[in-house]
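Visitor: Sequence and predicted structure, then a few things I'm wondering about:
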Amino acid sequence: MASDDRVVLVDGGHAEWARRAARMSLEILSVLPSASVEHIGSTAVPGLPAKPVVDLAVGVSAREVSRSAHQLAQHGFDLEGERSHHAWLSFPVRSARAYVVHVLEFRGEEWTKRVRFRDILLADEMSRERYLAVKQEASARAKDWGEYTRAKASVVSEILQRI
């Protein structure tokens, strides 16, 4: 990430991102042994350029989302925010993210949407190419992560609804 907080996409890091996801999944499971962990986002899709930040979905029961997020925060994760059935954390800290961890209701709406989107990108070349075009444009124009994420929201919804 550049010093002005712009999103920079990196190509060709999939093998390393997969290794990092596996290592962090084990770390999370050492804190939350009954959770389910999935590598999501662009770093989970071979050949898709991504910001060099590994996204993970951590699935727990709806009533355990907040407690689980706070347990991770006690183990060095940076709790960035919470809403109903969703909390998100960074590691090591939000200003130098190597990971973004989404604690979600397992098989709830947000969990299903994120895992399904990853699976669509893995399986469908047309969706992957459409998403990549929007990511590249968002990366070139967005001034920060929030703007980058908002710029991609409509294509994510479009892909999820179409397939």
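Guide: Structure's in. What do you need?
Visitor: Quick check on residue 111: phi, psi?
Guide: phi -60, psi -50 (degrees, to the nearest 10).
Visitor: In space, what's closest to it - neighbours in sequence excluded?
Guide: Closest residue to residue 111 apart from its sequence neighbours, by CB to CB, 6 or more residues apart in numbering: residue 104 at 4.4 Å. Where you see a C-beta, it was placed from the backbone N, CA and C, and this is true even at glycine.
Visitor: Low-confidence stretches in the chain?
Guide: 1-4 (pLDDT under 70).
Visitor: Nearest the geometric middle of it, what residue?
Guide: residue 55 (3.0 Å; CA atoms, centre = their mean).
Visitor: Tell me what the residue nearest to residue 111 is bridged to.
Guide: Residues in a beta bridge with residue 104, per DSSP bridges, are residue 59, residue 86.
Visitor: Might one say that it is in contact with residue 57?
Guide: Yes - using CB atoms under 8 Å, residue 104 makes contact with residue 57 at a distance of 5.8 Å.
Visitor: Find residues that contact each of these two.
Guide: Counting by CB atoms under 8 Å, 6 or more residues apart in numbering, the residues touching both residue 104 and residue 57 are 111, 114.
Visitor: neighbour count winner among these two?
Guide: Under the neighbour definition other CB atoms under 10 Å, residue 104 and residue 57 were set side by side, and residue 104 has more, 28 against 25.
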